[in-house]
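# My questions concern the predicted model and sequence given below.
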Amino acid sequence: MNYRITRTEVPNVLRFMAFFKTVIAKLVTEATSNRCNPFITFVLGGPGSGKGTQCVKIAETFRFAHLSAGDLLREEMSSNSENGTLIHDIIKEGKIVPSEITINLLRKAIHSSGNHKFLIDGFPRNEENRIAFERIVGVEPDIVLFFDCPEEEMVKRVLNRNQGRVDDNIDTMKKRLEVFKKLNLPVIDYYSAKGKVCKINAVGTVNEVFEKVRPVLAALRYWFLDTSMISIIETIFLVAIHCYQLMLQINYFFSKRLPFPW
Ligand SMILES: Nc1ncnc2c1ncn2[C@@H]1O[C@H](COP(=O)(O)OP(=O)(O)O)[C@@H](O)[C@H]1O
Ligand SMILES: Nc1ccn([C@@H]2O[C@H](COP(=O)(O)OP(=O)(O)O)[C@@H](O)[C@H]2O)c(=O)n1
(Lines give C-alpha, C1' and ligand atoms only; values in the text may rest on other atoms or scores of the structure.)
(Ligands and ions follow the chains in the order given, each with its own letter.)
Protein backbone atom coordinates (compact mmCIF):
# COMPACT_ATOMS: atom_id res chain seq x y z
CA MET A 1 0.00 0.00 0.00
CA ASN A 2 1.46 3.37 -0.97
CA TYR A 3 -0.97 5.95 0.37
CA ARG A 4 0.34 9.51 0.76
CA ILE A 5 -1.32 12.08 2.96
CA THR A 6 -2.42 15.04 0.80
CA ARG A 7 -1.89 18.67 1.83
CA THR A 8 -5.54 19.25 2.75
CA GLU A 9 -5.58 16.14 4.94
CA VAL A 10 -2.58 17.20 7.06
CA PRO A 11 -4.45 19.41 9.61
CA ASN A 12 -7.03 16.64 10.14
CA VAL A 13 -4.31 14.05 10.63
CA LEU A 14 -2.63 16.35 13.18
CA ARG A 15 -5.92 16.83 15.02
CA PHE A 16 -6.48 13.06 15.05
CA MET A 17 -3.00 12.53 16.47
CA ALA A 18 -3.58 15.06 19.24
CA PHE A 19 -6.76 13.16 20.13
CA PHE A 20 -4.87 9.83 19.98
CA LYS A 21 -2.24 11.20 22.40
CA THR A 22 -4.97 12.23 24.88
CA VAL A 23 -6.46 8.73 24.70
CA ILE A 24 -3.07 7.10 25.36
CA ALA A 25 -2.40 9.43 28.30
CA LYS A 26 -5.81 8.49 29.79
CA LEU A 27 -5.21 4.76 29.32
CA VAL A 28 -1.78 5.02 30.93
CA THR A 29 -3.15 6.98 33.91
CA GLU A 30 -5.82 4.29 34.36
CA ALA A 31 -3.30 1.44 34.07
CA THR A 32 -0.79 2.98 36.48
CA SER A 33 -3.41 3.88 39.08
CA ASN A 34 -4.62 0.23 39.08
CA ARG A 35 -1.07 -0.88 39.68
CA CYS A 36 -0.61 1.50 42.60
CA ASN A 37 -2.73 -0.92 44.64
CA PRO A 38 -0.80 -3.92 45.91
CA PHE A 39 -1.47 -7.25 44.19
CA ILE A 40 -2.99 -9.46 46.87
CA THR A 41 -3.18 -13.26 46.70
CA PHE A 42 -4.90 -15.05 49.57
CA VAL A 43 -3.59 -18.59 49.99
CA LEU A 44 -6.10 -20.91 51.64
CA GLY A 45 -6.48 -24.60 52.36
CA GLY A 46 -6.85 -26.89 55.34
CA PRO A 47 -4.12 -27.33 57.97
CA GLY A 48 -1.22 -29.25 56.40
CA SER A 49 -2.50 -28.88 52.83
CA GLY A 50 0.90 -27.46 51.83
CA LYS A 51 0.12 -23.71 51.69
CA GLY A 52 3.37 -22.60 53.32
CA THR A 53 5.52 -24.98 51.25
CA GLN A 54 4.00 -23.78 47.96
CA CYS A 55 4.17 -20.12 49.02
CA VAL A 56 7.95 -20.42 49.46
CA LYS A 57 8.27 -21.72 45.90
CA ILE A 58 5.88 -19.12 44.45
CA ALA A 59 7.68 -16.30 46.28
CA GLU A 60 11.07 -17.45 44.91
CA THR A 61 9.85 -17.96 41.35
CA PHE A 62 7.52 -14.98 40.96
CA ARG A 63 9.10 -12.58 43.49
CA PHE A 64 6.14 -12.24 45.80
CA ALA A 65 6.45 -11.25 49.45
CA HIS A 66 5.24 -14.24 51.49
CA LEU A 67 3.33 -13.27 54.63
CA SER A 68 2.13 -16.21 56.70
CA ALA A 69 -0.56 -15.23 59.22
CA GLY A 70 0.33 -18.30 61.32
CA ASP A 71 4.08 -17.46 61.33
CA LEU A 72 3.36 -13.83 62.27
CA LEU A 73 1.14 -14.99 65.14
CA ARG A 74 3.78 -17.49 66.33
CA GLU A 75 6.48 -14.77 66.23
CA GLU A 76 4.22 -12.47 68.24
CA MET A 77 3.55 -15.32 70.68
CA SER A 78 7.25 -15.90 71.33
CA SER A 79 8.13 -12.20 71.55
CA ASN A 80 6.60 -11.89 75.04
CA SER A 81 4.15 -9.29 73.77
CA GLU A 82 0.98 -8.50 75.73
CA ASN A 83 -1.03 -10.75 73.38
CA GLY A 84 1.43 -13.67 73.59
CA THR A 85 -0.48 -15.81 76.08
CA LEU A 86 -3.82 -15.16 74.39
CA ILE A 87 -2.41 -16.18 70.99
CA HIS A 88 -0.78 -19.30 72.49
CA ASP A 89 -4.03 -20.46 74.10
CA ILE A 90 -6.10 -19.86 70.96
CA ILE A 91 -3.62 -21.65 68.67
CA LYS A 92 -3.40 -24.61 71.06
CA GLU A 93 -7.18 -24.92 70.92
CA GLY A 94 -7.16 -24.68 67.10
CA LYS A 95 -9.40 -21.61 67.26
CA ILE A 96 -9.08 -18.31 65.40
CA VAL A 97 -7.22 -15.34 66.90
CA PRO A 98 -9.25 -12.07 66.91
CA SER A 99 -8.95 -10.36 63.52
CA GLU A 100 -7.67 -7.08 64.93
CA ILE A 101 -4.46 -8.78 66.20
CA THR A 102 -3.76 -10.70 62.98
CA ILE A 103 -4.56 -7.77 60.68
CA ASN A 104 -2.29 -5.43 62.65
CA LEU A 105 0.58 -7.89 62.17
CA LEU A 106 -0.22 -8.32 58.46
CA ARG A 107 -0.52 -4.56 57.94
CA LYS A 108 2.90 -3.92 59.48
CA ALA A 109 4.44 -6.72 57.39
CA ILE A 110 2.85 -5.36 54.18
CA HIS A 111 4.20 -1.85 54.84
CA SER A 112 7.70 -2.97 55.73
CA SER A 113 8.07 -5.46 52.87
CA GLY A 114 8.95 -2.98 50.10
CA ASN A 115 7.15 -5.31 47.67
CA HIS A 116 3.82 -4.76 45.92
CA LYS A 117 2.89 -8.41 45.28
CA PHE A 118 1.80 -10.41 48.30
CA LEU A 119 0.97 -14.00 49.17
CA ILE A 120 -1.11 -13.84 52.31
CA ASP A 121 -0.88 -17.40 53.60
CA GLY A 122 -3.55 -18.80 55.94
CA PHE A 123 -5.72 -15.71 55.88
CA PRO A 124 -8.69 -14.95 56.00
CA ARG A 125 -9.67 -17.90 58.19
CA ASN A 126 -13.28 -16.85 58.81
CA GLU A 127 -15.83 -14.23 57.73
CA GLU A 128 -14.73 -11.91 60.53
CA ASN A 129 -11.11 -12.01 59.21
CA ARG A 130 -12.33 -11.35 55.67
CA ILE A 131 -14.64 -8.44 56.48
CA ALA A 132 -12.15 -6.80 58.85
CA PHE A 133 -9.30 -7.02 56.28
CA GLU A 134 -11.39 -5.43 53.56
CA ARG A 135 -12.49 -2.69 55.98
CA ILE A 136 -9.11 -1.94 57.59
CA VAL A 137 -6.68 -2.53 54.70
CA GLY A 138 -9.26 -1.38 52.14
CA VAL A 139 -8.47 -3.87 49.37
CA GLU A 140 -9.91 -7.14 48.14
CA PRO A 141 -7.68 -9.99 46.99
CA ASP A 142 -6.93 -10.14 43.29
CA ILE A 143 -6.92 -13.94 43.40
CA VAL A 144 -7.40 -16.70 45.96
CA LEU A 145 -5.38 -19.92 45.69
CA PHE A 146 -7.14 -22.82 47.38
CA PHE A 147 -5.08 -25.96 48.05
CA ASP A 148 -7.59 -28.77 48.12
CA CYS A 149 -6.32 -31.79 50.04
CA PRO A 150 -8.03 -34.89 51.52
CA GLU A 151 -8.26 -34.93 55.32
CA GLU A 152 -6.22 -38.10 55.84
CA GLU A 153 -3.35 -36.59 53.82
CA MET A 154 -3.50 -33.34 55.84
CA VAL A 155 -3.43 -35.27 59.13
CA LYS A 156 -0.44 -37.33 57.92
CA ARG A 157 1.49 -34.21 56.85
CA VAL A 158 0.77 -32.26 60.06
CA LEU A 159 1.75 -35.15 62.33
CA ASN A 160 5.03 -35.50 60.40
CA ARG A 161 5.78 -31.76 60.34
CA ASN A 162 8.20 -31.89 63.28
CA GLN A 163 8.51 -28.16 63.87
CA GLY A 164 7.64 -28.37 67.56
CA ARG A 165 4.33 -26.53 67.09
CA VAL A 166 1.88 -26.58 70.01
CA ASP A 167 -0.97 -27.37 67.60
CA ASP A 168 0.61 -30.22 65.59
CA ASN A 169 -0.92 -33.09 67.59
CA ILE A 170 -3.90 -35.27 66.82
CA ASP A 171 -6.29 -33.62 69.31
CA THR A 172 -5.71 -30.05 68.12
CA MET A 173 -5.60 -31.23 64.50
CA LYS A 174 -9.15 -32.65 64.79
CA LYS A 175 -10.36 -29.28 66.11
CA ARG A 176 -8.51 -27.39 63.35
CA LEU A 177 -10.14 -29.53 60.68
CA GLU A 178 -13.58 -28.77 62.15
CA VAL A 179 -12.79 -25.05 62.26
CA PHE A 180 -11.56 -25.22 58.66
CA LYS A 181 -14.80 -26.84 57.43
CA LYS A 182 -17.11 -24.66 59.48
CA LEU A 183 -15.42 -21.26 59.16
CA ASN A 184 -12.90 -21.28 56.31
CA LEU A 185 -14.88 -23.10 53.59
CA PRO A 186 -17.59 -20.36 53.61
CA VAL A 187 -14.86 -17.76 52.91
CA ILE A 188 -13.64 -19.86 49.97
CA ASP A 189 -17.26 -20.14 48.74
CA TYR A 190 -17.63 -16.36 49.04
CA TYR A 191 -14.62 -15.74 46.77
CA SER A 192 -15.65 -18.58 44.41
CA ALA A 193 -18.93 -16.79 43.80
CA LYS A 194 -16.88 -13.72 42.84
CA GLY A 195 -14.84 -15.81 40.38
CA LYS A 196 -11.60 -15.24 42.32
CA VAL A 197 -10.76 -18.78 43.43
CA CYS A 198 -8.24 -20.99 41.71
CA LYS A 199 -8.55 -24.49 43.15
CA ILE A 200 -5.38 -26.59 43.10
CA ASN A 201 -5.36 -30.31 43.79
CA ALA A 202 -2.75 -30.48 46.59
CA VAL A 203 -2.10 -34.22 46.24
CA GLY A 204 1.27 -35.15 44.76
CA THR A 205 4.87 -34.31 45.49
CA VAL A 206 5.82 -30.71 46.29
CA ASN A 207 7.12 -30.24 42.74
CA GLU A 208 4.08 -31.85 41.14
CA VAL A 209 1.79 -29.50 43.06
CA PHE A 210 3.97 -26.52 42.12
CA GLU A 211 3.65 -27.43 38.42
CA LYS A 212 -0.14 -26.99 38.85
CA VAL A 213 0.35 -23.58 40.51
CA ARG A 214 2.96 -22.24 38.09
CA PRO A 215 0.64 -21.63 35.07
CA VAL A 216 -1.83 -19.72 37.24
CA LEU A 217 0.81 -17.20 38.27
CA ALA A 218 2.56 -17.17 34.91
CA ALA A 219 -0.76 -16.11 33.33
CA LEU A 220 -0.85 -13.09 35.63
CA ARG A 221 2.53 -11.78 34.54
CA TYR A 222 1.10 -8.92 32.50
CA TRP A 223 -0.27 -7.47 35.75
CA PHE A 224 3.20 -7.19 37.11
CA LEU A 225 4.58 -4.78 34.55
CA ASP A 226 5.50 -2.12 37.06
CA THR A 227 4.70 1.55 36.73
CA SER A 228 8.18 2.53 35.57
CA MET A 229 7.94 0.01 32.72
CA ILE A 230 4.55 1.44 31.68
CA SER A 231 6.00 4.98 31.76
CA ILE A 232 8.91 3.92 29.53
CA ILE A 233 6.52 2.35 27.00
CA GLU A 234 4.31 5.47 27.10
CA THR A 235 7.32 7.75 26.53
CA ILE A 236 8.56 5.70 23.55
CA PHE A 237 5.06 5.77 22.06
CA LEU A 238 4.57 9.52 22.55
CA VAL A 239 8.05 10.37 21.22
CA ALA A 240 7.27 8.33 18.07
CA ILE A 241 3.98 10.20 17.57
CA HIS A 242 5.65 13.60 18.14
CA CYS A 243 8.38 12.80 15.59
CA TYR A 244 5.78 11.79 13.02
CA GLN A 245 3.75 14.96 13.68
CA LEU A 246 6.84 17.12 13.33
CA MET A 247 7.79 15.39 10.10
CA LEU A 248 4.32 16.07 8.68
CA GLN A 249 4.44 19.70 9.75
CA ILE A 250 7.91 20.30 8.26
CA ASN A 251 6.83 18.64 5.05
CA TYR A 252 3.68 20.77 4.96
CA PHE A 253 5.62 23.98 5.63
CA PHE A 254 8.33 23.44 3.02
CA SER A 255 6.09 22.12 0.29
CA LYS A 256 3.53 24.91 0.46
CA ARG A 257 5.23 27.70 2.41
CA LEU A 258 2.15 28.07 4.56
CA PRO A 259 2.22 29.05 8.25
CA PHE A 260 2.76 26.15 10.66
CA PRO A 261 -0.63 24.69 11.56
CA TRP A 262 0.19 24.26 15.31
N1 LIG B 1 3.05 -32.05 48.36
C2 LIG B 1 3.48 -32.49 49.53
N3 LIG B 1 3.68 -33.81 49.74
C4 LIG B 1 4.12 -34.27 50.94
N5 LIG B 1 4.40 -33.47 51.99
C6 LIG B 1 4.21 -32.16 51.86
C7 LIG B 1 3.74 -31.59 50.62
N8 LIG B 1 3.65 -30.26 50.77
C9 LIG B 1 4.03 -29.99 52.03
N10 LIG B 1 4.37 -31.12 52.68
C11 LIG B 1 4.82 -31.24 54.06
O12 LIG B 1 3.63 -31.25 54.85
C13 LIG B 1 3.79 -30.46 56.02
C14 LIG B 1 2.75 -29.34 56.00
O15 LIG B 1 3.03 -28.47 54.93
P16 LIG B 1 2.86 -26.88 55.10
O17 LIG B 1 3.35 -26.26 53.84
O18 LIG B 1 3.49 -26.46 56.39
O19 LIG B 1 1.26 -26.81 55.19
P20 LIG B 1 0.29 -25.64 55.65
O21 LIG B 1 1.05 -24.34 55.52
O22 LIG B 1 -0.88 -25.72 54.72
O23 LIG B 1 -0.10 -25.95 57.06
C24 LIG B 1 5.22 -29.96 56.01
O25 LIG B 1 6.00 -30.80 56.82
C26 LIG B 1 5.63 -30.06 54.55
O27 LIG B 1 7.02 -30.31 54.42
N1 LIG C 1 -5.71 -15.96 60.08
C2 LIG C 1 -5.28 -16.80 61.02
C3 LIG C 1 -4.24 -17.72 60.74
C4 LIG C 1 -3.85 -18.58 61.73
N5 LIG C 1 -4.42 -18.54 62.95
C6 LIG C 1 -4.03 -19.45 64.04
O7 LIG C 1 -2.78 -20.05 63.76
C8 LIG C 1 -2.91 -21.47 63.66
C9 LIG C 1 -1.90 -22.03 62.69
O10 LIG C 1 -2.15 -21.51 61.42
P11 LIG C 1 -1.16 -21.78 60.20
O12 LIG C 1 -1.74 -21.09 59.02
O13 LIG C 1 0.22 -21.44 60.59
O14 LIG C 1 -1.14 -23.36 60.03
P15 LIG C 1 -2.11 -24.42 59.38
O16 LIG C 1 -3.24 -24.59 60.37
O17 LIG C 1 -2.60 -23.97 58.08
O18 LIG C 1 -1.23 -25.62 59.31
C19 LIG C 1 -4.38 -21.70 63.30
O20 LIG C 1 -4.85 -22.98 63.64
C21 LIG C 1 -5.04 -20.61 64.14
O22 LIG C 1 -5.15 -20.98 65.49
C23 LIG C 1 -5.44 -17.62 63.21
O24 LIG C 1 -5.98 -17.59 64.30
N25 LIG C 1 -5.84 -16.76 62.24
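Perfect, thanks for sending it. Ligands and ions are numbered 1, 2, ... in the order given.
# Lys95: what secondary structure?
With DSSP: H, G, I helix; E, B strand; the rest coil as the basis, the three-state label of Lys95 is coil.
# quick one, what contacts the nearest residue to it once chain neighbours are set aside?
Excluding the flanking residues, the one nearest Lys95 by Cβ to Cβ, 6 or more residues apart in numbering is Val179, at 6.6 Å. Every residue, glycine included, has its C-beta placed from N, CA and C. When contacts are counted by Cβ atoms under 8 Å, 6 or more residues apart in numbering, Val179 touches 94-96, 125.
# Which one of these sits in the busiest neighbourhood?
Highest neighbour count within the contacts of Val179: Arg125, with 21 neighbours (other Cβ atoms under 10 Å).
# Where do the strands of the chain begin and end?
39-45, 65-68, 117-121, 143-148, 197-201 (DSSP state E).
# Count the neighbours of Glu127 for me.
Number of residues near Glu127 (other Cβ under 10 Å) recorded here: 14.
# Give me the pLDDT value at it.
Glu127 is assigned 97 on the pLDDT scale.
# isn't Ile188 right next to Leu44, touching?
Yes: taking contacts as Cβ atoms under 8 Å, Ile188 lies within contact range of Leu44: 5.8 Å.
# more neighbours, those two?
When neighbours are counted by other Cβ under 10 Å, Ile188 and Leu44 differ, and Leu44 comes out ahead with 26 against 20.
# quick one: contacts for the residue lying closest to the more buried one once chain neighbours are set aside?
The shortest distance from Leu44 to any non-neighbouring residue, by Cβ to Cβ, 6+ apart, is to Phe146 (5.1 Å). The neighbourhood of Phe146, defined by Cβ under 8 Å, 6+ apart, consists of 44-45, 188, 197-200.
# Asp168 too?
158-159, 161.
# Please apply the same query to Thr53.
Here Thr53 is in contact with Val206 (Cβ under 8 Å, 6+ apart).
# mind listing what's buried in the helix ranked longest in the chain?
Counting residues, the longest helix found in the chain (DSSP state H) is helix 227-256. For helix 227-256, a neighbour-count test (16 or more other Cβ atoms under 10 Å) marks 234, 245, 248-249, 252 as buried.
# for it, the distance to its chain's centre please.
From the chain centre to the centre of helix 227-256 is a distance of 35 Å (Cα atoms, centre = their mean, to the nearest Å).
# Show me what it packs onto, helices and strands only.
Where contact means 3 or more Cβ pairs under 8 Å, 6 or more residues apart in numbering; DSSP states H and E, helix 227-256 is packed against helix 10-36.
# From the chain's centroid, how far away is the helix it packs on?
Offset of helix 10-36 from its chain centre (Cα atoms, centre = their mean): 28 Å.
# Which strands or helices does it pack on?
helix 227-256.
# how about the helices of the stretch 51-200 of the chain, start to end?
Along the stretch 51-200 of the chain, the stretches classed as helices by DSSP state H, counting those that start in this stretch are 51-62, 69-78, 84-92, 99-113, 127-136, 151-159, 170-179, 185-193.
# Let me have those helices in JSON lines, adding distance to Phe19 as columns.
Formatted as JSON lines, the helices of the stretch 51-200 of the chain follow (distance: least, Cβ to Cβ, whole Å):
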{"stretch": "helix 51-62", "distance to Phe19": "38"}
{"stretch": "helix 69-78", "distance to Phe19": "49"}
{"stretch": "helix 84-92", "distance to Phe19": "59"}
{"stretch": "helix 99-113", "distance to Phe19": "40"}
{"stretch": "helix 127-136", "distance to Phe19": "39"}
{"stretch": "helix 151-159", "distance to Phe19": "58"}
{"stretch": "helix 170-179", "distance to Phe19": "58"}
{"stretch": "helix 185-193", "distance to Phe19": "40"}
